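A.B. asks: Predicted model follows, preceded by the sequence.
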Amino acid sequence: MKKVFTGVRVRRLREEKGLTQAALARLLEISPSYLNQIEQNQRPLTVPVLLRISSVLGVDVQRFSDDDEGRLVAELSDVLGDAGLAVTGEKVAMSEIRELAAQMPAVARALLTLDRRRREAEERLSVYAARFGDSSGDALAVPLPHEEVRDFFYARHNHIVELDDMAERMAEAWGVRPGEAEYALTARLLDAHGVQVLSPAVADSDGFAFLREFEPARGVLHLSPLLDSGQRAFQIATQLALLEAYETIEALVGTGGFRGEEACALARIGLANYFAGALILPYGRFLAAAEEMAYDIDRLGRRFGVGFETVCHRLSTLQRPGARGVPFIFVRVDRAGNISKRQSATDFHFSRVGGSCPLWSVYEAFAQPERIVTQLASMPDGRAYLWIARTVTHRQGGWGSPAKTFSIGLGCDLRHAARLVYARGVPLDEPAVRTPIGMACKVCDRPDCPQRAFPPVGGRAAADPNRCRFEPYGSSPGLSP
């Protein structure tokens, strides 16, 4: 079992509570010398002591989880990799980054905040430069609205407790039942808001351009006739979110620090969609079903009457303190490699430099449409994950009309994999069967990857006219010339 050294966190918690070492030691029923050794990282934090801390001080054990540490390591790697090269001329060692994240997480977060503010200052300078006619300002440095919204959800581990709790209470009050949500939600929309749900005939569907269109003046919600019952329930639930949870959504948007109205609007939509998923898949019932079915996505979809993507997205939100599901990473990608949705309830970090790994199973899924593909994958930092992926296709018209095809990926840390039906028969303890993947070529330091598209940042490309390597951009340690 991995030893956990969290001395700085214990000491900081003790100081927050205003306790001396002797006082905390008495509460934990251990000797002051033992507590001092824990705080000095001379002794690991054991499970009994951790549970005692949680019980006596009312602290969530998640505070001592290495998931947040893993996030910090990944984010610091992005920041300090570039910053170290620029400032000191040498790359900050991964061992130093891990030590900083583990022992001084507050300092690590402060560095990330300073880097964010630095980027914001550079963005403002770019805007001012462009305004005064200096074309050298890099407008591309300004984060796009949808990137702001992604960061908003990522920072909250893709769990919005206010909306989840509210949706669960409302689902119970309105009689929302698994697989029959459409009827209860339609009744609520009509009884409480006087809004009628209408759908045109299927024969007229070619002229209906929207999945959902609300006319508040007429009190009518139009839904596309191409939606199935689960999809209609989701759209009705989204409209109810905008009517019933408006104040809560606005308050959450207000905490996001968004730069413009476009990002605010996208955040409202994202939060309304989150509420909709929580309403038709209430937290307690859905988590119980997921555990009962070993996270079998198809079975969960049949029980609750929703599609593959909806189930996967909801599974990635089950992080309520005291009632956590498997912490998942959720992604939706297209054939070109564009990631249109990405959320993580765990330590998995999506690089800010763009791109993703072609060895990732989410791309293999396109070669096997409608079939679930599994993959054991290892990251450069040694962490291993179980990934499942499957394609989904949405069509609006008939023959010849464009269709949307995505690969939906759901992954979890290997330590949780045994809880999933997809791990049955998979050699979880065999490192040799794991596919080595990375976040993106520019921040991946694997020297022997045959799919590398770019040299790693901070590495020296091994360019030799007299040799041709199988691995493109073979690299050697040291700085780029």
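C.D. replies: Received the coordinates, thanks. The structure displayed is predicted, hence computed values, not measured ones. Residues are numbered from 1 along each chain as shown.
A.B. asks: List the residues that contact residue 164.
C.D. replies: By CB atoms under 8 Å, 6 or more residues apart in numbering, the residues touching residue 164 are 278, 283, 317, 320. Bear in mind the C-beta positions are built from the backbone N, C-alpha and C, glycine included.
A.B. asks: The helix or strand hosting it: what's the following helix or strand?
C.D. replies: Assigned by DSSP states H and E, residue 164 belongs to helix 161-174. Using DSSP H and E, the helix or strand that follows helix 161-174 towards the C-terminus is helix 181-193.
A.B. asks: quick one: buried residues of that next one?
C.D. replies: For helix 181-193, a neighbour-count test (16 or more other CB atoms under 10 Å) marks 181, 182, 184, 185, 186, 188, 189 as buried.
A.B. asks: What segments of this protein are strands?
C.D. replies: Remark: strands assigned in the chain by DSSP state E are 196-198, 212-215, 220-223, 319-320, 323-324, 328-333, 339-344, 373-378, 384-395, 403-413, 435-436, 460-461, 475-476.
A.B. asks: Give me whichever of these is most buried.
C.D. replies: Highest mean neighbour count of the strands of the chain: strand 328-333, a mean of 23 (counted as mean count of other CB atoms under 10 Å).
A.B. asks: Mind giving me the packing neighbours of that strand?
C.D. replies: helix 308-315, strand 339-344, helix 361-364, strand 403-413 (3 or more CB pairs under 8 Å, 6 or more residues apart in numbering; DSSP states H and E).
A.B. asks: By mean pLDDT, show me the worst of these.
C.D. replies: Note on the helices and strands packed on strand 328-333: lowest mean pLDDT is at strand 339-344, with a mean of 85.
A.B. asks: How about the contacts made by residue 172?
C.D. replies: Residue 172 is in contact with residue 282, counting by CB under 8 Å, 6+ apart.
A.B. asks: Distance check, it against residue 279.
C.D. replies: Separation of residue 172 from residue 279 (CB to CB, to the nearest Å): 11 Å.
A.B. asks: With residue 173 instead?
C.D. replies: In this view, residue 173 and residue 279 are 11 Å apart by CB to CB.
A.B. asks: ditto for residue 211
C.D. replies: With CB to CB as the criterion, residue 211 and residue 279 are 17 Å apart.
A.B. asks: Looking at the two, which is more packed in?
C.D. replies: More crowded of residue 211 and residue 279, by other CB atoms under 10 Å: residue 279, with 30 against 17.
A.B. asks: per-residue pLDDT, that one?
C.D. replies: Per-residue confidence (pLDDT) for residue 279: 97.
A.B. asks: measure it to residue 169 for me?
C.D. replies: According to CB to CB, residue 279 stands 10 Å off from residue 169.
A.B. asks: quick one on the thing from earlier: for the buried residues of helix 181-193, which two are the farthest from each other?
C.D. replies: Among these, the pair separated by the greatest distance (CB to CB) is 181 and 189, at 12.0 Å.
A.B. asks: Next, the contact list for the residue nearest to residue 73 when sequence neighbours are not counted, please.
C.D. replies: Nearest residue to residue 73, sequence neighbours excluded (CB to CB, 6 or more residues apart in numbering): residue 101, at 4.8 Å. Going by CB under 8 Å, 6+ apart, residue 101 touches 69, 72, 73, 76, 108.
A.B. asks: Setting aside sequence neighbours, what's the nearest residue to the fourth one?
C.D. replies: With sequence-adjacent residues excluded and distances taken as CB to CB, 6+ apart, residue 76 is closest to residue 97, at 4.8 Å.
A.B. asks: if I read this right, that neighbour contacts residue 80, doesn't it?
C.D. replies: Yes: using CB atoms under 8 Å, residue 97 is in contact with residue 80, at 6.1 Å.
A.B. asks: give the contact list for residue 260.
C.D. replies: Listed by CB under 8 Å, 6+ apart, the contact partners of residue 260 are residue 145.
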